Each structure stands twice: as structure tokens, then as C-alpha cells.
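Visitor: what's the 3D shape of this:
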Amino acid sequence: KIRGIHRVGEVGLHAVCDEDVAPEMDERYTGKYRDGISGQVLRDDLVDEARQKELRYFCDKGVWVKRPKNEARQRTGKGPISVRWIDVNTGDDLNPRYRSRLVARQLKAHDKSGASFFAPTPQLDALRTVLSLAATAVGDRCPCYDPRPRQRTQISLMYISRPYSNATLDPGDLTYVQLPEEDKDCESKCGRLVRHMYGTRAAADGWQEEYSTFLVETLKFAQGTASPCVFRHSTRQMVMTVHGDDFTALLAGKIEPLVEVLFAGKRIIAFTIFG
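Guide: From the prediction side, this is the model:
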């Protein structure tokens, strides 16, 4: 007997042994949950665990405060924004890694305020500039390629986990969202956002304003004129470009001090260094 597993984007089948249980024969796969990208049936228990983890994060981070449902209509003239879950398995069948994200459905077509939100993204030339400065001597700036000195030239790649939830809303911004059915108060209450949430129109703009204000006012970076996503620190000889939640920085010295300078004790909650 021969059978296998087909994975999206790959050619052929991955062999499995007869001891493996097919999803349709496993009681943990009821078909209630599916991968938001591939459509693959997901395990119920792992999805429930991932969703509870996301809700705990929302509570710990203070993304919203619970308010009576009728407050949304009284203060904004409309009901709270609906939400939905997007569940994905970023691992594979043998090593599952489930991630559930709660997303608001604030559709632009339903917005009658006329407000416009813009979040800039850097051109490819911004990344090319960082790489060029790492390989080129400019004025008194001479890259150090010897791996032994502490002040050697390095490029740091950082990723911010759940970036939008690190940005706070303006005090006068009243945005209400429904609570998911996994929350015990979903029938009687809604959530008034304190921090931005995926799916809201102002989320990307709010995150861009959050990190750029912190870099310029607190850390004394100079923001680019041609591109607001490029930053330079003259005394530390650092150049950085930001694309959403990805930070690419050129620095002289160890990577750890960069992390301490940028994010230690601040509102950014998590990041991963790749190099």
C-alpha cells in the first residue's frame, strides 16, 4: 500500500508510513477549521490552543478594553466591527506549528468618514543603499571586514512580532470591535481598541508613526527626506531601512548593543535576529 502527502508549492508526494493516521480517520480533525492559505484541514485541539494564546496576548498587551455593546452605537453611530480568525500551520504535518490571528474586518467600502490613511514603504534603492554603504568607503567612513575587532561592520536583520499591536491609538479615536466567540463576554460586550489591530484601516499608518517617532525623538535618528522609511544615526554610524515589520540596519560593532539601544525596555515586545 502506497500513499503520500502533497504539499502546496512542492512537486510529488511525501511518503508516510501505514502507522500514520490520515486526517479523515483522525477524530482530532473534524473539518471545522481549515488553513487560511492552503485550505488544509487543521487539528481542532491545536487551533483552539493557538486561538487561546492569541487572546491571552490581547489581554496581556491591553489591545482593547471591554465595554457594553450598546456603547459602540451610542458613541459612533454604528455597531462594532466584526472580526474573524485566520488560522495557519506554518510547520508541516509531522511538526505542526499553528498560528491564529484575530483580524478586524473594517472594510473601506463601509467607511463614510472620508478619512485617508497612508503608510509609506521603502523603495528597493533603500536596501541597496544599506548594502552599498556596507561595501563602500565614503569620506571618513571605512568599513571594517576583519571578523575579530568589536567594531567590525555588520548588517542586522530584525523582525518585529505582531507590530501593529505595539502602536497605540490616538485618544480621540473610537474604534470598537466584536469579541470572538471564544471570549466568555462576547454576547454582552465588545472591545474598544487601545492599540491597533490587524484589519483596521489605520493600523499600518499607526505602526509607522509609532516606530518613526520613537527612532527620531527618543533615539535621535535622522529620518530620510526622500524616503521616510530610511534612518541614520550620525554618532553611532548606523543606517537603517524599515519595511513594515522588517528592520535592516548597518552598524559597526556587535549586534546585541543595537538591540539594547533600539528596543530594551520599550513597547516592542519581540524580535528575531537572523544575522
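Visitor: hey, let's count contacts and neighbours off CA atoms from now on
Guide: Will do.
Visitor: Name the SS class of the residue lying closest to residue 79 once chain neighbours are set aside, please.
Guide: Spatial nearest neighbour of residue 79, chain neighbours left out: residue 73 (5.0 Å); criterion: Cα to Cα, 6 or more residues apart in numbering. Applying DSSP: H, G, I helix; E, B strand; the rest coil to residue 73 yields a three-state assignment of helix.
Visitor: Quickly note the distance from residue 73 to residue 183.
Guide: 21 Å (Cα to Cα, to the nearest Å).
Visitor: So the residue nearest to residue 79 sits against residue 174, correct?
Guide: No - counting by Cα atoms under 8 Å, residue 73 stays clear of residue 174, with 10.9 Å between them.
Visitor: which residues does the residue lying closest to residue 101 once chain neighbours are set aside contact?
Guide: Using Cα to Cα, 6+ apart and skipping the chain neighbours, the partner closest in space to residue 101 is residue 86 (5.3 Å). The contact partners of residue 86, taken as Cα atoms under 8 Å, 6 or more residues apart in numbering, are 35-36, 100-103.
Visitor: mind checking which helix or strand residue 86 is in?
Guide: Assessed by DSSP states H and E, residue 86 sits inside strand 83-89.
Visitor: Show the subsequent helix or strand relative to that strand.
Guide: strand 98-104.
Visitor: ok, that next one: who's next to it in the sheet?
Guide: strand 83-89 (antiparallel) (DSSP bridges).
Visitor: rewinding a little: in the strand holding residue 86, what counts as buried?
Guide: 83, 86-89 (16 or more other Cα atoms under 10 Å).
Visitor: hmm, back to that, quick one: which of the contacts of residue 86 is most hemmed in?
Guide: Counting neighbours by other Cα atoms under 10 Å, residue 100 comes out on top of the contacts of residue 86 with 22 neighbours.
Visitor: burial of the nearest residue to residue 223 once chain neighbours are set aside, as a residue count?
Guide: Once flanking residues are discounted, residue 223 sits nearest to residue 231: 4.6 Å by Cα to Cα, 6+ apart. For residue 231, the neighbour count with other Cα under 10 Å is 23.
Visitor: which residues pair with residue 231 across the strands?
Guide: If you apply DSSP bridges, the partners that residue 231 bridges to are residue 223, residue 240.
Visitor: close enough to count as contact, it and residue 247?
Guide: No - between residue 231 and residue 247 there is no contact under Cα under 8 Å: 10.5 Å.
Visitor: Count the residues that sit near residue 173.
Guide: By other Cα under 10 Å, neighbour count at residue 173 equals 10.
Visitor: From residue 195, how far off is it?
Guide: From residue 173 to residue 195 the distance is 10 Å (Cα to Cα).
Visitor: do the same with residue 64
Guide: Residue 64 is 7 Å from residue 195, by Cα to Cα.
Visitor: Residue 249 and residue 213, how far apart?
Guide: Residue 249 is 17 Å from residue 213, by Cα to Cα.
Visitor: Any idea how many residues pack against residue 177?
Guide: 25.
Visitor: That one: what's it in contact with?
Guide: 80-83, 104, 190-193.
Visitor: So which of those residues wins on neighbours?
Guide: Neighbour max across the contacts of residue 177 (other Cα under 10 Å) = residue 190, 26 neighbours.
Visitor: From what I see, that residue and residue 66 are in contact.
Guide: Yes - contact criterion Cα under 8 Å: residue 190 and residue 66 qualify, at 5.6 Å.
Visitor: Show the model's pLDDT score for residue 115.
Guide: In the prediction, the pLDDT value recorded for residue 115 is 65.
Visitor: how deep is residue 78 tucked in, by neighbour count?
Guide: Neighbour tally, residue 78, other Cα under 10 Å: 12.
Visitor: No further queries at this time; thank you.
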